[in-house]
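**Q** based on what follows, work out the 3D shape:
(chains A and B)
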Amino acid sequence: MTRAADKSVQWPDREEAFKVLIGPRLDRAYGLAWHVLGHAADAEDACQEALLAAWSAWPRLRDPARFDAWFDRILVNTCIEHLRRQARRPQTTLPEEPDLADRDVLAGSIELDVISRALGRLTPEHRATVVLRFWADLSSEAIAERLGVPPGTVRSRLHYALGALRIELERERSVR
Amino acid sequence: MTDERDQVDDPIESELRSWFKASRTPSAPPTLRAFSAHVGAGARPTASVRRFAIGWRQAPGNRFAAAATAISIVILAGGLLLVAGQRGPAAPTASPLTSQPAMASPHPTGSPAIATPIDDGGIFGASGLWAVAGGQLHVSSDFGATWVQRTLVPTVALDATSADVLSSVFVLDASHVWTASPGSGSTVPYGGQGPGYDHLYVVISRTTDGGATWQSLTVPGDWGGTQPVLAFADAQHGFLLLSGLRRGGGSVVFATTDGGATWQRVGGADRLGSIFSASDAATLWAGNEGDAGPVARPILDVSRDGGRTWTDARLPGLVGDILVNGNPVAPPVFSGQDGAVAVVAASTDTSPMVRFYRSSDGGRTWVLAAQVHIGESGSTGVAVVDPLHYVVIDSHTGQIQATNDGGATWQPATSSGLSAAMRLRFWDARNGIAIVQTTNGPAPAAGVLRTTDGGQTWSPVVIAGPTSPTPSPDVTARYPDGIPSTFLGQHVYRPGDLGKTVPTGPFPLGGWDAGPLAVSCPAIVPGASKPPCPSFEALAETRGGPMVIGARWGAFSVPGAPALVLRVTAEPAPTCVSIPPGGCPGPSVTVQDVLWAGDPSASTPSPTPIPAVQIPTQPPAQVTSTWTKVTLPTIVTQPITVGGPGGGPSALPGGGFIDFVPAAADRTVVLTSPDGSAWTKIGEITGKDALGVSGPVAFNGHVYVALGGEGGGPGTPYAMQSNGAAWVSSDLAHWAKAPAQAGLSGAIFRGIAAGSADFVAIGDSEGGGPTVWTSGDGLHWQPFLAKSVFPVDLSEATGIAATPGGLVIVGRIGEEAAALTSPDGRTWTVHSPLPPGSGFFHGIAKGPAGFVSLAGAPSAGIEVAPGDFRAPVTPWTSRDGVTWHAGPSSPALFGTYASIVGAPGGYLAVGTIGLDVSEHLWSSTDGTNWVPVAGVDLGGTSTATLVSDAHHVLLFIGGPSGPELLVSDGVHG
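**A** Numbers count the residues shown, from 1 in each chain, chains lettered A, B, ... in the order given. Below you'll find the predicted structure:
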C-alpha cells in the first residue's frame, strides 16, 4: 500500500501544508484560468479569488490527496462565475478578446485568432469543459468532478461545445 | 474500459488539441506567486482583484482569516462584520495627527501592557465588546476597559475550523445577543458551491441575560448556498438575511417581532450582500458584493418594508470605470434623517479611494460628500462615527485622516503608527478600537487597541483569562477501543463487499491509493427521512494494520444514525510494465469485517444489519429491435449532414421527424422525414441566429415551435452568453424567430410540450436554476423560476409530457423524486410519489404501457469514479403521471442512463450498464422488465440519443467518425 503524497492533514501547520500543496500547482492553475478566461488579468484575479476560497475551505478538505480536483473545482467555478458576471454586464462593445498578445504563438497567426475567438463565444460552462478536456487532457469523469456535474452532462456539453465551435470556425473561415 | 481520450479525434478535436498545444500557456505571474505565498498569512488580493480588497463579509473571509493563524479578528458592529487578517508591520509607533495632539504609542516604552492575542475570531458588539481569547468568550461593557468571561451558546463552536462554527452574532446590548450557526445535517457551511452541494440548517440562539442562558430554534428549510447574517432594530424586531453566495439561488429574509422566538419568511431578492443592518423595524440595508469591472449590480440595497422588497440605494458614481473594492466599508450610519456610508472604490487609472456618501432624507438619495485616496493595496480601516465624523486609516502605510464636518475638511494625513491596524470601530466620537497585528509572542497575533479620546491616544486591550490556543477539533470520532481517529477521508464504502476483494478505479481514498467503495446511505439509516448522504464522511486509518475505515454522518449528530466501521485492506494499483491479458489490475480493497456498528457516542454499540449494494450480473443481450443505418444526405454547400451540429433530429408531434442542419454561417436547412429513413429539404432558416434552432419541437394544432439558442457572439444582448430562443412555423418550411427577450436570458431548454392553452418548456436558466416557461404563441415566453412556482425547491426538471389532464413534469426535489402536474402549465401540483431514497425521475417516455420513467438514486450508488455514481435503477410506470408504480430493479438497468423513449411495441433507453463507462441500448416491452439490446454497438461513443415519433425510433450517435443515424420500427418482444 502506498501512501498518497500528501500528509498535510497531519501537519500541525495548515498554512505550510497549503503552501506546499499549492506551490507546484500554481502555474497549472494560472494556465487553466488563462485558457478559460482568455485574459491574463482576469486569470490572475480568478486565481487569487480561488486561492482565498480554497484557503477558507481548507480546513474542510478531508482528503488532501484530492487537492487537485478540489482546487480545480473551486478555480473553474470562479472562472465560470467571472465569465457570467462579464456576460451580465450590459456592454456596448465586444467582449474583450483573448489576450492574443500573451500567446507566444506566431502571434500574427490568423488561424489562432480564429480559434481563440470561437472559444470566446462559447458559454462559460462549455468553454471550461473544452479547456479541461483538450488543454488539461482530463477524462469526462475527471471533468465531471471538477464541474460538479454528472459525466453524462460533461459529454453532452462537449458535444454541443464542439458543435458550436464547428459552426463558429466555419463562420470565421467563410468570411476570410 | 476505454479511455475516451484515447479515441480517435474528429477534426475539431484534433484542431483544438493542436491549438492548445501551440498556444503556449504562460506561467503564473510574479504577483500571483507573491499572493499565493501569503494566502495563509492573510494575503489580500492585489489591486486588480478589488472585489476582495476590503472584506466585510464574515464568510468566507471570516473562516479564511480565522483559520489562517491566530491573527484574525472579526468585528461585529450592530450585526455587521469586519474581517481582518493581514500581516504587516507591527508595534505601531506614536505619530501625531496634524493639528491634533500626538497619539500615544500603543506599546509605550517600558509599558508591560500588551494586547491580548485574540483567538479564532473576535466579536464586538454595538454597545459592548465580545471577544474570544484563549478559546473562551469574554465580554466587556465598557468599550474594552474590563472584561468578564461568559459562556456562549453551547452548541456553537468558537473555533472557526469546526463545521458548526458560529456564523453570525448580533449584539444589541450587554444583555441581548442573537447568534446564527449551522445546525445538524449542515454540510460545508458557506462553501459557496450552492444548493445541491451545500446544506445549511440555520440554528438561531438568543440570550436576554448576557449569555447566562440561551434558547435555540432551527429556521425551517435548507439554506445551502447562503450565508446567514443577523440584524436587530431593537430587542423585539430582528431580521435574518440568508445572503445568497455565488453559487446560491438567491437571498431570503426572515423576520421576528418577538425577539427571535418565532421567525417568518418575509421576502428576499435575487442576491443581497451580507453587509446587513437595520436602521429601524422597517428599514434594512444590505451591502452587496461588488464587481471587478464596471459595476453592474447595486452595491447597497435597501428595503423599507421590513425586508419584503428591495431596491437599489443608488450610490451615485459607481458606474463606468469605477471599480468597487468588494463591499461598502460600512453600512449607513444615521442620525435622524442624516446619514453617511462609505465605499472603497477606484477607477481604472487611479489608486483606490474611500468614497463617503451623505444623505439628508433617510437614505432615499445620496450625494458624494468626500473621497480619500488610500494606498494601492486598497487596504484600509474606515470608521463612520456619525454622519459628519469619519476616520480613515491606510492599513498599509498607517496614515490616518479624520474629518468632523462630513468630509469638507480633513486633518492632513500623517502616520498614525497603526500600520497594521486593519479595522476601526468607533461607538461615538471618543470611544473606539483598532484591530492591529501584534508580534508579542513567537507568532504573530491579533490584538485590540482602544481609544477613549477620539483616536488621539491608543492603549492595548488586555483580556484576563486563559490565552492558550484553541485545540484543533479536527477529529472527535473515536473507534470502539476509544482510540481517537486522526485521519479523515471523504468517500463512501460498500459494505456489501464484505469479504470480497473489490477491484476499484484509480482514485485516492482518504489519502491512500485505494479506490471507490460505496454504501447505500438510505439502507444504512433505517427510518431516516432524509438520509444524510451528502454529509457522509468516512475515517481511514492504518494504525499499523489493515486500513480501518469508519463511516459517519457529520458529527454523529443524526439521531439514531448508526456509524459504521469496517476493516479493510487496500492494495494500490501495481505498476504494469506490460499490459497483461485483461488489462493492468487497478487498486483493490478487501473488506475484512465489520468492526463496529452503532452510534459511537452511545455506550453500547447497537449492531445494525448492513445491506449491500450489489453490482448485478448483466442478463444476456437480446435482439429485441432491428436497426438500419440511414444514409445521410449531404447538404450541397457544406459537408454537414443530418444529425450534424444542430442538435440532431427531433420528433414531430403526430409523426415524422425534422432536423435543422446548419449549412452556412447564417443559414440552416430544414429537413423532414416521414420515417427517419428518407429526408427531404423543405425550407431554410436564415439570419444571424439561424444556426441556433435545434429542437425539440412541439405542436399545438396550429403552429409548431422549435426550441434552440441564440447569442454567443457580438451583437447579442448578453455578449458571450447564449440564451434560449424559439422559432415558430405553421408549415415546417417557413420559420419565424421569437424576438430576443429577457425571459430567455441564459436559458438552456430540456423539453417542450403543448398544453391545452400554452406551450410549456422546461430547462435551466442562468442564475435561476430549473425553470418553466410558458408561451401562448411560441414567440413570447414567460419564465417561472421553479423556486417561485413550486412550494419547494425543484432541483431538476428532467422531462415533460402531455397527459390526458394536462401536463406532467418529472424530475426531483432535492434527493426525492417528484412529478408535477398542471392543467394549463401555469399552476402546478407537486407529487412525491416515490419512497424517500428511491431516487429521482430522469426523463419520461410515453408508450404502450403509459408513461415510464427510470429512477436512479446516485447518492445511494457506487462511485465508480469521483462524481460518477452507478446505482440500481428502478423503472416506474404511470397511466396519468400522478400515480406511479415501481417495477423491479432490473439488473440490466443498473447504472445511469441518458435518454428514454416510447416506441412501437415498448420502450428504449440509452445508458451505461454496471461499471462500464460506455453506453448501451436497453429495451422493454412493458416499461418494467428491461434487457440489453444486442446487435447495436454504440462503440464507446460519448453521446447517443434516442428520438421517437411513436412510429419509428431514431438513434443518433455522435461519434469520433462523425454522426451516425440508425432507424428502428420499434421493440419486438
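**Q** show me what contacts the closest residue to B:Ala950 other than its chain neighbours?
**A** Nearest residue to B:Ala950 in three dimensions, chain neighbours excluded: B:Gly902, at 6.3 Å (C-beta to C-beta, 6 or more residues apart in numbering or on different chains). Where you see a C-beta, it was placed from the backbone N, CA and C, and this is true even at glycine. Going by C-beta atoms under 8 Å, 6 or more residues apart in numbering or on different chains, B:Gly902 touches B:Ala845, B:Lys846, B:Gly847, B:Pro848, B:Val852, B:Ser948, B:Ala950.
**Q** my read is B:Thr624 is in a helix, agree?
**A** No. B:Thr624 is assigned coil when assessed by DSSP: H, G, I helix; E, B strand; the rest coil, not a helix.
**Q** what about it, neighbour count?
**A** Residues near B:Thr624, counting by other C-beta atoms under 10 Å in any protein chain shown, number 25.
**Q** can you give me the helices in chain A?
**A** A:14-22, A:26-37, A:40-57, A:67-88, A:110-120, A:124-130, A:140-147, A:151-174 (DSSP state H).
**Q** let me have those in CSV, adding mean neighbour count and distance to B:Leu807 as columns.
**A** Below are the helices of chain A laid out as CSV (neighbours: other C-beta atoms under 10 Å in any protein chain shown; distance: least, C-beta to C-beta, whole Å):
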stretch, mean neighbour count, distance to B:Leu807
helix A:14-22, 19, 50
helix A:26-37, 24, 38
helix A:40-57, 24, 41
helix A:67-88, 22, 31
helix A:110-120, 19, 38
helix A:124-130, 25, 28
helix A:140-147, 25, 31
helix A:151-174, 21, 24
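**Q** surely B:Leu732 meets B:Leu671?
**A** No. In this structure, B:Leu732 is not within contact of B:Leu671 by C-beta atoms under 8 Å, at 10.0 Å.
**Q** quick check: neighbours shared by these two?
**A** B:Ile658, B:Ile682.
**Q** for B:Thr262, what are phi and psi?
**A** phi -140, psi 150 (degrees, to the nearest 10).
**Q** any bit of stretch B:199-207 sitting next to chain A?
**A** No. Applying C-beta under 8 Å from any C-beta of the partner chain, one finds stretch B:199-207 separated from chain A by no less than 13.3 Å.
**Q** so for that stretch, mean pLDDT?
**A** For stretch B:199-207, mean pLDDT rounds to 83.
**Q** what is the neighbour count of B:Val253?
**A** B:Val253, neighbours per other C-beta under 10 Å, totals 26.
**Q** typed the wrong thing, it's B:Gly268
**A** For B:Gly268, the neighbour count with other C-beta under 10 Å is 22.
**Q** in a strand, it, correct?
**A** Yes. Counting by three-state DSSP, B:Gly268 is found in a strand.
**Q** show me what it is bridged to.
**A** B:Val252 (DSSP bridges).
**Q** doesn't B:Val253 make contact with it?
**A** Yes. Counting by C-beta under 8 Å, B:Gly268 touches B:Val253, with 5.3 Å between them.
**Q** overlap in contacts, the two.
**A** Joint contacts of B:Gly268 and B:Val253 (C-beta under 8 Å, 6+ apart) are B:Leu242, B:Gly307.
**Q** make JSON lines out of the helices of chain A and add distance to chain B.
**A** Below are the helices of chain A laid out as JSON lines (distance: least, C-beta to the nearest C-beta, whole Å):
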{"stretch": "helix A:14-22", "distance to chain B": "3"}
{"stretch": "helix A:26-37", "distance to chain B": "4"}
{"stretch": "helix A:40-57", "distance to chain B": "3"}
{"stretch": "helix A:67-88", "distance to chain B": "4"}
{"stretch": "helix A:110-120", "distance to chain B": "5"}
{"stretch": "helix A:124-130", "distance to chain B": "7"}
{"stretch": "helix A:140-147", "distance to chain B": "4"}
{"stretch": "helix A:151-174", "distance to chain B": "3"}
